[in-house]
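Colleague: From the sequence below, what's the structure:
(2 chains)
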Protein chains: 2
Amino acid sequence: MAKSSAGRSALSRIMQILAAFDVDAVFLTVSQLSARSGLALATTHRLVAEMEQFGLLERQLDKTYRLGVRLWEIACRTPGALGLREIAKPYLQEVQARVRQHTQLGILEGYEVLFLERLSARDAVVNVTLVGGRLPLHASSSGLVLLAHSDATFQDEVLAGDLFRYTDQTVQTPESLRSLLQQIRRDGYACGRGYIHPEARGIAVPIRGVNDLVVAAVSVVVPNDDAPVTGLVRLLQAAAQGIGKDLHAAYAPSNDPAATPGGRYRTLVSSSLDSMEYLPSAPRPQTRR
Amino acid sequence: MAKSSAGRSALSRIMQILAAFDVDAVFLTVSQLSARSGLALATTHRLVAEMEQFGLLERQLDKTYRLGVRLWEIACRTPGALGLREIAKPYLQEVQARVRQHTQLGILEGYEVLFLERLSARDAVVNVTLVGGRLPLHASSSGLVLLAHSDATFQDEVLAGDLFRYTDQTVQTPESLRSLLQQIRRDGYACGRGYIHPEARGIAVPIRGVNDLVVAAVSVVVPNDDAPVTGLVRLLQAAAQGIGKDLHAAYAPSNDPAATPGGRYRTLVSSSLDSMEYLPSAPRPQTRR
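Modeller: You can find the predicted model right below:
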């Protein structure tokens, strides 16, 4: 790929522009994009204009830019994100209908948990989880479940890193984190009481995919009171088992009797049975551009 | 931006690779990516390797590639897609809890309707709507609502284009489409009986955003029987009104008494009230890369 004078590739500069946007910075001027990306103003102007042409950025009436709907549309083809969320969705809805607080789905990304979905009730407890947002592994119940089932080398790296202190309940030392991870593996769930906010309690269980590996965590965030967790854990474990079974079915070879109908769509889409059976043969008129 | 010998920019080639993925083609080999993108095999190899480094592509054990979770994460910063879906989500869930078929949210993108969300019951009627998928405007009830509220020039363009015939019920002629659009504006909803599949009926109403402009459509897909639509239309109109009100509140200036709490988060996030109030001041530890 062509390199700029600074030795950075075109793609690297595009990624710097894209990554300048954040959950709390969704409308940015060209100057802000330049400042946040570290790219020269002239370079930023040129890149922004071209990215707008391809729909990656959208110019607003007030001359700020936002990320484009076209980017979101392309990103919907991700089996690892939207596909997993589609498969999990009916189970998350079932949990949420019972718990009526927050129900969420998270995966391990880098040194954090990345949330693929969150369902919330209007009067639910305070919760910092965002769809597409990340939290540190040691503080989030989903993160703790994912970390507890990671390999030892990765765990050591996390234990050696910074353990950000949200509250005085957040796990503070590598020793206490290590014994917490042991407890989570033994109990089959994580329960974080006030680790991120004093009023909130997170409860998470692992989801096992193909080869029985832990691929995600399903969790609820509920008030940090003394209500027993047993019922919630059972509800989450039933959901995790259902999601795991559907993941197997979505990735099983088409000739496997357990395979979900839907052919090439089944790792990305979870719709009604009739829809899944119809989709592979459904006509697809040409998109007009 | 640097141009290749063929005169195409680096970004244009990256977009060709990204757009090679589709709802029914989510795992692709380098050869398939080359064939679908029209790029030379050597160029494709080079680009794919660099895109993998940035997390835009992920290599699978079987050597195919899929779009990366990192791409999805960045795409979650889109107020026009994920943000609108977040604001609409509680209302869509309410409709779906009542109708228990398919409930969906669509926006106008190019000459099609792009669906931002679909909630489905397992035993619901056959439906081709996919999250991140598109349908032609003349055939989908959501598309018809969006087209009915578009400007005259755009309508003329669509009327002059191809009207793909899914079934013998799909609107066939510009004249019948024009009178259908009139009827939709008069009635306040669109009802497509078997336009896409003989067994399915779509019912959609417009969502009005700031300045009272139609920004999206909310719809249900139900069996194509003789059940009256009045109740469904009222349910959808109540949802559309709620979403419109919340859109106003999310985009109102922060000092407006009607503004949603949540500061910079409110065009992207819809969580519990306590969470929205807390988010702007919540600590955000540095992401470790």
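Colleague: residue ranges with poor pLDDT in the stretch 151-289 of chain A?
Modeller: Low-confidence segments of the stretch 151-289 of chain A (pLDDT under 70): A:289.
Colleague: residue ranges of the strands in it, please?
Modeller: A:190-193, A:200-208, A:214-223 (DSSP state E, counting those that start in this stretch).
Colleague: and the second one, does that touch chain B?
Modeller: No. Strand A:200-208 stays out of contact with chain B when judged by C-beta under 8 Å from any C-beta of the partner chain, the minimum separation being 9.1 Å. Using the backbone N, CA and C atoms, a C-beta is placed for each residue, glycine as well.
Colleague: So is stretch A:34-47 next to chain B?
Modeller: Yes. Stretch A:34-47 lies within reach of chain B by C-beta under 8 Å from any C-beta, at A:46, A:47.
Colleague: tell me which residues in that stretch are buried?
Modeller: Burial within stretch A:34-47, assessed by neighbour count using 16 or more other C-beta atoms under 10 Å in any protein chain shown, is assigned to A:34, A:36, A:37, A:39, A:43, A:44, A:47.
Colleague: contacting residues around stretch A:95-105?
Modeller: A:84-85, A:88, A:92-93, A:115-121, A:124-125, A:127, A:129, A:142, A:216-223, A:232, A:235-236, A:239, B:97, B:271-272 (C-beta atoms under 8 Å, 6 or more residues apart in numbering or on different chains).
Colleague: picking that back up, quick one: which of the buried residues of stretch A:34-47 sit in helices?
Modeller: A:34, A:36, A:37, A:43, A:44, A:47 (DSSP state H).
Colleague: quick revisit: figure out which of the strands of the stretch 151-289 of chain A is closest to residue A:80.
Modeller: Closest approach to residue A:80 among the strands of the stretch 151-289 of chain A is made by strand A:214-223 (9.1 Å; C-beta to C-beta).
Colleague: helices or strands up against the closest one?
Modeller: When contacts are defined as 3 or more C-beta pairs under 8 Å, 6 or more residues apart in numbering or on different chains; DSSP states H and E, strand A:214-223 packs onto helix A:84-99, strand A:102-109, helix A:141-148, strand A:200-208, helix A:230-251.
Colleague: which of the buried residues of stretch A:34-47 lies closest to residue A:286?
Modeller: Distance to residue A:286, by C-beta to C-beta, is smallest for residue A:47 among those, at 30.6 Å.
Colleague: Hmm, residue A:39 and the closest one touching each other?
Modeller: Yes. Assessed by C-beta atoms under 8 Å, residue A:47 is found in contact with residue A:39 at 7.2 Å.
Colleague: Between those two, which contacts overlap?
Modeller: By C-beta under 8 Å, 6+ apart, the residues touching both residue A:47 and residue A:39 are A:13, A:17.
Colleague: got the contact list for the closest residue to residue A:161 other than its chain neighbours?
Modeller: In space, not counting the residues next to it along the chain, residue A:161 is nearest to residue B:288; the distance is 6.4 Å by C-beta to C-beta, 6 or more residues apart in numbering or on different chains. Residue B:288 makes contact with A:110, A:111, A:112, A:161, A:162, according to C-beta under 8 Å, 6+ apart.
Colleague: now stretch A:97-108: how far from the chain's centre is it?
Modeller: How far stretch A:97-108 lies from its chain's middle: 12 Å, per C-alpha atoms, centre = their mean, to the nearest Å.
Colleague: re the thing from before, Throw the strands of the stretch 151-289 of chain A into a markdown table and include mean neighbour count, thanks.
Modeller: What follows is the strands of the stretch 151-289 of chain A, written out as a markdown table (neighbours: other C-beta atoms under 10 Å in any protein chain shown):
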| stretch | mean neighbour count |
| --- | --- |
| strand A:190-193 | 22 |
| strand A:200-208 | 26 |
| strand A:214-223 | 25 |
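Colleague: Would you mind finding the most buried of the helices and strands packed on strand A:214-223?
Modeller: helix A:141-148 (a mean of 28; mean count of other C-beta atoms under 10 Å in any protein chain shown).
Colleague: by contact count, what packs against it?
Modeller: Against helix A:141-148 (3+ C-beta pairs under 8 Å, 6+ apart) you get strand A:102-109, strand A:112-120, strand A:134-136, helix A:152-160, helix A:174-187, strand A:190-193, strand A:200-208, strand A:214-223.
Colleague: could I get the ones you listed as TSV with distance to residue A:17?
Modeller: Formatted as TSV, the helices and strands packed on helix A:141-148 follow (distance: least, C-beta to C-beta, whole Å):
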stretch	distance to residue A:17
strand A:102-109	21
strand A:112-120	21
strand A:134-136	20
helix A:152-160	30
helix A:174-187	36
strand A:190-193	35
strand A:200-208	34
strand A:214-223	30
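Colleague: residues in contact with the residue nearest to residue A:154 when sequence neighbours are not counted?
Modeller: The shortest distance from residue A:154 to any non-neighbouring residue, by C-beta to C-beta, 6+ apart, is to residue A:147 (7.8 Å). Counting by C-beta under 8 Å, 6+ apart, residue A:147 touches A:108, A:137, A:138, A:154, A:155, A:158, A:181.
Colleague: Domain boundaries for chain A, per the record?
Modeller: What the record gives for chain A is the domain set A:10-74, A:79-251, from automatic domain parsing.
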